[in-house]
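Peer 1: Let's see this in three dimensions:
(chains A and B)
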Amino acid sequence: MDQQSPAAAESAPPRWYAPARVVGFVGASLAVGAFPSFSLRSTITMIGIGGAFFWLGVTRRLTRHPAVRQVARQALWWLVPVLVFATFELVSFALGSTAAHPTLSALADPVLQHYWARAAVFLGWITGYWALVKR
Amino acid sequence: MSVTRIATLVAYGLALVLIVTLEVAGRREGSRVPTLAQLCGFVMRYRVGRVPFGRVALLGFWWWVGFHFFAR
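Peer 2: Have a look, this model is predicted:
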């Protein structure tokens, strides 16, 4: 379904691009994983990387995938997990994010204290962000 | 562990399972359920006048997610 047009194929990135990107993302994740939460380094990193990706995505400089012009009505099924999650997240937040009513961030904090988990989650985040930038 | 904590954890897990199920369903031959990537591509086409509102909203949300979990 995501087949490139001839014009897009002509502008395809070089073969070393994807491996270099993987190395870059993994390297960044290993570095960022060492930054503690609430630190100046973490804040600057998220502002820098997040801002750069946001700009690339909004300006469509790296768009590679053909536009999805319409989706079937079955797309509404995606509202189910979104509403389930949002309901419990918002209720837990409103109740103060306690042990009895934990928000996702409250559950994630103990996990993100560990370097490898933090690096892995950051790698997932930056990979997802890149996928959005190219849409 | 309180009942409400268990219920919340089950709900989060259920949401994750549903996401995976929908993604698998979307990748099946002839499926009318869009994959998450296709859905994001569709949402990102939404414009308000000349402003790519869907694009800004989705990219901004993802940026906020990173900020919330790594830098807050």
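Peer 1: hang on, residue B:60 packs against residue A:54?
Peer 2: Yes - between residue B:60 and residue A:54 there is a contact at 6.8 Å, judged by Cβ atoms under 8 Å. All C-beta atoms are positioned from the backbone trio N, CA, C, and that covers glycine.
Peer 1: in what helix or strand does the residue nearest to residue A:85 when sequence neighbours are not counted lie?
Peer 2: In space, and not counting its chain neighbours, residue A:85 is closest to residue B:15: 3.9 Å by Cβ to Cβ, 6 or more residues apart in numbering or on different chains. Using DSSP states H and E, residue B:15 maps to helix B:3-26.
Peer 1: Any idea how many residues pack against the closest residue to residue A:70 other than its chain neighbours?
Peer 2: Leaving aside its chain neighbours, residue A:70 sits nearest to residue B:42 (7.1 Å; criterion: Cβ to Cβ, 6+ apart). Neighbourhood size, residue B:42 [other Cβ atoms under 10 Å in any protein chain shown]: 18.
Peer 1: ok, now residue B:55?
Peer 2: Residue B:55 has 24 neighbours, counted by other Cβ under 10 Å.
Peer 1: just to revisit the earlier point, what count of nearby residues applies to the residue nearest to residue A:85?
Peer 2: 21.
Peer 1: correct me, but it touches residue A:81?
Peer 2: Yes - if you go by Cβ under 8 Å, residue B:15 and residue A:81 touch, sitting 4.2 Å apart.
Peer 1: if I've got this straight, residue B:45 is in a strand?
Peer 2: No - counting by DSSP: H, G, I helix; E, B strand; the rest coil, one finds residue B:45 to be coil, located in no strand.
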